[in-house]
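Novice: here is a sequence together with a model predicted from it:
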Amino acid sequence: MPAPDLSAVTAALTSQRIETPSWAYGNSGTRFKVFAQPGVPRTPEEKLDDAARVHEHTGVAPVVALHIPWDRVPDYAALAAHARDVGVRVGTINANVFQDDDYKLGSVTHPEPAVRRKALDHLLECVDIMDATGSRDLKLWFADGTNYPGQDDLRSRQDRLAEALSAVYARLGPEQRMLLEYKLFEPAFYATDVPDWGTAYAHCLKLGPRAQVVVDTGHHAPGTNIEFIVATLLREGRLGGFDFNSRFYADDDLMAGAADPFQLFRLMYEVVRGGGFGPQTAFMLDQCHNIEPKIPAIIRSVMNVQEATAKALLVDPAALAAAQTSGDVLGANAVLMDAYNTDVRPLLATVREGLGIDPDPMAAYARSGWAERITAERADGQQAGWGA
Ligand code: LRH
Ligand code: MN
Ligand code: MN
């Protein structure tokens with residue numbers, strides 16, 4: 001493989017930003033059991049304190065996504081100031097219209113106008129919160145859908161969804177964006193109202209350029225070619241960002257890059273190839289750590305995204321284009337595989353040294369004493385978690 005421009009690759013890796021989710025720091029679980037862990041945050045502020053440790057040891061995770069109402073506080077500007085005080089900032093605001101009893105038959109697509117109004121009010125409240133925190137992105141995922149054929153009119157539900165989305169879009173400030181997330185199924189088991197990228201894209205297209213699609217890697221049918229979706233959305237200027245996580249079966253929410261690092265590489269290659277590597281794409285994690293310690297799991301996920309990115313940046317575009325245009329099937333595939341099979345850990349260690357941090361973030365965190373400190377300091381009180 002011809003030598004890639006290592007200084008450009010190093011600069012790109014140094015500038016990379018990976019956003020971590022507040023909810024990944026709290027207790028979470030499956031519908032069967034939530035295993036409480038010692039030292040997990042009791043408040044949104046403590047989630048930011050933990051996120052700051054991930055940034056301290058990786059150097060590329062200075063942004064933290066919030067989920068409302070899980071991170072409800074009386075003063076969001078004060079929460080954003082706390083984030084800055086500990087060395088991070090508040091990023092994407094995630095709305096939550098899936099945990100209220102009123103939403104049994106849907107939120108913004110519910111057949112009753114009063115329920116739709118309540119859901120819309122929450123989405124608009126999330127934009128108020130973005131104003132207070134200085135956040136750019138509002139991320140919308142709707143659990144809305146139906147369980148049985150005939151339960152509700154599929155087309156009317158799309159009309160109701162479009163109406164709510166356009167009210168929210170109209171409320172956004174000029175620098176703010178709406179990120180619409182799709183998911184094939186769960187909790188609806190017959191028809192989800194935003195089941196796929198095509199539906200999300202169609203709504204975004206009608207709304208305007210600041211409506212963008214989010215690709216959560218756990219939200220597709222098994223075998224879906226997600227990198228093709230990424231390439232298509234980038235071609236259309238509608239890739240807003242990612243929720244990275246791993247899945248073996250459904251929406252497993254395991255650590256990013258754990259189940260299929262090759263897929264993560266293929267996604268990142270399409271991002272790089274399509275000009276999506278930059279702040280215009282939100283590279284977020286969306287994971288739940290059921291049995292593993294939270295902070296090290298998030299550090300590991302950040303490192304896995306970095307490794308996939310480094311490999312994607314190492315693909316030699318000239319060699320690949322030459323092989324592709326000459327119909328050299330095996331040669332073209334080899335260019336990609338050479339990059340994928342490169343051990344990028346020494347390169348990332350150099351990037352970290354350039355950032356003035358320990359080349360081994362996992363070991364540095366383990367040595368830091370933070371886990372012991374929070375276990376002692378947070379021994380009392382209610383632990384915040386998924387749904388807290
Ligand atoms: C839905 C989802 C969405 C939610 C998060 C907690 O499965 O991916 O992004 O906000 O999980
Ligand atoms: Mn998600
Ligand atoms: Mn999900």
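Specialist: Alright, I've got the coordinates. Ligands and ions are numbered 1, 2, ... in the order given.
Novice: so Leu320 touches Ala334, yeah?
Specialist: No: applying C-beta atoms under 8 Å as the test, Leu320 and Ala334 come out as separate, 9.6 Å apart. Quick note: C-beta positions are derived from backbone N, CA and C, even for glycine.
Novice: more neighbours: these two, which one.
Specialist: Neighbour totals were compared for Leu320 and Ala334, and Leu320 leads with 20 against 16 (other C-beta atoms under 10 Å).
Novice: and the helices in the chain, which stretches?
Specialist: Assigned by DSSP state H, the chain shows helices spanning 6-15, 44-58, 76-85, 113-133, 154-171, 197-207, 226-235, 261-273, 294-313, 317-325, 329-340, 345-354, 361-368, 370-377.
Novice: now the first one - C-alpha only, CSV.
Specialist: Below are the C-alpha coordinates for helix 6-15, written out as CSV (Å, rounded to 0.1, in the frame of the first residue of the first chain):
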residue,chain,number,x,y,z
LEU,A,6,0.3,10.6,7.7
SER,A,7,0.4,14.3,8.9
ALA,A,8,-3.1,14.9,7.3
VAL,A,9,-4.4,11.7,8.9
THR,A,10,-2.9,12.7,12.3
ALA,A,11,-4.5,16.2,12.0
ALA,A,12,-7.9,14.7,11.1
LEU,A,13,-7.8,12.3,14.1
THR,A,14,-6.7,15.1,16.4
SER,A,15,-9.7,17.2,15.3
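Novice: spell out which parts of the stretch 251-388 of the chain neighbour ligand 1.
Specialist: Residues of the stretch 251-388 of the chain lying close to ligand 1 by C-beta under 6 Å from any ligand atom are Asp251, Asp286.
Novice: repeat that with 5 Å
Specialist: Asp286 (C-beta under 5 Å from any ligand atom).
Novice: okay, now the unreliable bits of the stretch 251-388 of the chain?
Specialist: The stretch 251-388 of the chain contains residues with pLDDT under 70 at 381-388.
Novice: run the last query once more with 80
Specialist: 380-388 (pLDDT under 80).
Novice: in it, which residue sits nearest ligand 2?
Specialist: Using C-beta to the ion, the closest approach of the stretch 251-388 of the chain to ligand 2 is made by Asp286 at 3.8 Å.
Novice: just checking, that residue touches Asn245?
Specialist: Yes: if you go by C-beta under 8 Å, Asp286 and Asn245 touch, sitting 5.4 Å apart.
Novice: intersection of neighbour lists for the two?
Specialist: Asp216, Gly218, Asp253 (C-beta atoms under 8 Å, 6 or more residues apart in numbering).
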